[in-house]
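# pasting the sequence and the predicted coordinates here, then a few questions.
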Amino acid sequence: MLTWLYVPGDRPDRFAKAVASGADTVILDLEDAVHPRNKATAREAVAEFCAVRHEVPVHVRINEFGTRDAVADLAAIAGAPGLTGLRLPKVNSAADVARTAAEVPRGVELYPLLESALGVQRAYDIATAHPAVAGLALGEADLRSDLGVSDDAGLAYARGRAILAARAAGLPAPAMSVYPDVRDLDGLAASCRTGRSLGFLGRTAIHPRQLPVIVDAFRPSSAQLARAEELLAALDAADASGSGTAVLPDGRFADRAMVEQARRVVALARRYPPAEDRA
């Protein structure tokens, strides 16, 4: 998946529109996007929407672990048929994840959000805290505040650690955090390209207009797909002849260490065909 669309939990008029937006997953937000006085009504609206299944996965970002709102959130939605995942904000330990996992039915995926220095330092422990953990994510707004950084350079270590922890735990590459300026689509595209080069895959969004930009930035190009398919075919031929390496027609050397990345490119292109192929 490449796109996750956040929707404030106190805007039920937007829920169905989000499902129809083309996002791979919809995240109904009960935490930062909802004013404290609207928490109860947002919770009721989200629980009602999650009472039935929808065409795309629906996740809910609950409130911070240990708060009364978080307890109420779980009580309202934990058994909802339409709930497929929980986003867990401000996770600082594996114990936070394990306690939440004990309160939700099997099959509900958990996505801990690393939003503090402590959470980042414990990223691998958090990623492996429970079999229900399906991915990691950074909450960069809170993390910037905790670290006292004002630009992306200050987040380089945290981003790298999140990517390494996720992959070491056998989880998918993390999606990027939201790009807050919904009007700056060129900036979003550039930021996505940078994130892709670092090892991120996909991005959360706060407006539907950001979705196609994210997909275009992360989908393989026709050239990338062709190179991946060429590499896999060459290595298959080498394997059949008893060799573990191959030299491609353009002179590139290929060995088994490159197979997994090539397979990921091919799998991603099947779900999101290159733009040139769709024209």
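The structure has been received and is ready for your questions.
# surely G202 meets L5?
No - under the criterion of Cβ atoms under 8 Å, G202 is not in contact with L5, lying 11.4 Å apart. Glycine gets a C-beta too; all of them are placed from N, C-alpha and C.
# and R87, that one's in a strand?
Yes - under DSSP: H, G, I helix; E, B strand; the rest coil, R87 sits within a strand.
# quick check: bridge partners of it?
R61, Y111 (DSSP bridges).
# quick one: it and Y6, what's the gap?
Per Cβ to Cβ, to the nearest Å, R87 is found 9 Å from Y6.
# how about the residue positioned nearest the centre of the chain: what's its closest non-neighbour residue?
Centroid-nearest residue in the chain, with Cα atoms, centre = their mean: A175, separated by 3.5 Å. Excluding the flanking residues, the one nearest A175 by Cβ to Cβ, 6 or more residues apart in numbering is G202, at 4.2 Å.
# can you show me the helices along the chain?
Using DSSP state H, the helices of the chain run over residues 15-19, 39-49, 68-77, 94-101, 117-121, 123-127, 140-147, 156-168, 185-198, 211-218, 222-240, 259-271, 275-278.
# so for P57, which of these sits nearest?
helix 15-19 (9.8 Å; Cβ to Cβ).
# what does that closest one contact?
Helix 15-19 has contacts (Cβ atoms under 8 Å, 6 or more residues apart in numbering) with 5, 7, 26, 28, 45, 49, 54-56, 58, 208.
# can you give me the offset of that helix from its chain's centre?
19 Å (Cα atoms, centre = their mean, to the nearest Å).
# please apply the same query to stretch 239-257.
33 Å.
# please identify the buried residues of stretch 45-53?
45-47, 49-50 (16 or more other Cβ atoms under 10 Å).
# now stretch 195-211
Applying 16+ other Cβ under 10 Å to stretch 195-211 flags 195-196, 200-206, 208, 210-211 as buried.
# that older thread, wait, doesn't the residue nearest to the centre of the chain sit right on L201?
Yes - the pair A175 / L201 is scored as a contact, 6.5 Å apart, by Cβ under 8 Å.
# what is in contact with those two at once?
Common neighbours of A175 and L201 (Cβ under 8 Å, 6+ apart) are L2.
# and the end-to-end length of stretch 18-32?
One end of stretch 18-32 to the other measures 18 Å (Cα to Cα, to the nearest Å).
# tell me, what's touching R87 and Y6 both at once?
With Cβ under 8 Å, 6+ apart, R87 and Y6 have common neighbours 27, 61.
# that older thread, just give me the closest of the buried residues of stretch 45-53 to A101.
The nearest one, if we look at those relative to A101 and count by Cβ to Cβ, is C50, at 18.1 Å.
# over to that closest one: give its phi and psi.
phi -80, psi 0 (degrees, to the nearest 10).
# can you pull the contacts of it?
Counting by Cβ under 8 Å, 6+ apart, C50 makes contact with 28, 58, 60, 77, 80-83.
# what subset of the residues you listed is buried?
28, 58, 60, 77, 80, 82-83.
# can you put the residues you listed in CSV and add distance to R106?
Formatted as CSV, the buried ones among the contacts of C50 follow (distance: Cβ to Cβ, whole Å):
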residue, distance to R106
L28, 21
V58, 17
V60, 17
I77, 15
A80, 14
G82, 16
L83, 12
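# farthest from the middle of this structure: give me that residue.
Furthest out from the centre of the chain (Cα atoms, centre = their mean) sits S241, at 40.1 Å.
# picking that back up, of the contacts of helix 15-19, just say which sits nearest to A162.
Set against A162, the nearest of the contacts of helix 15-19 by Cβ to Cβ is L5 (20.8 Å).
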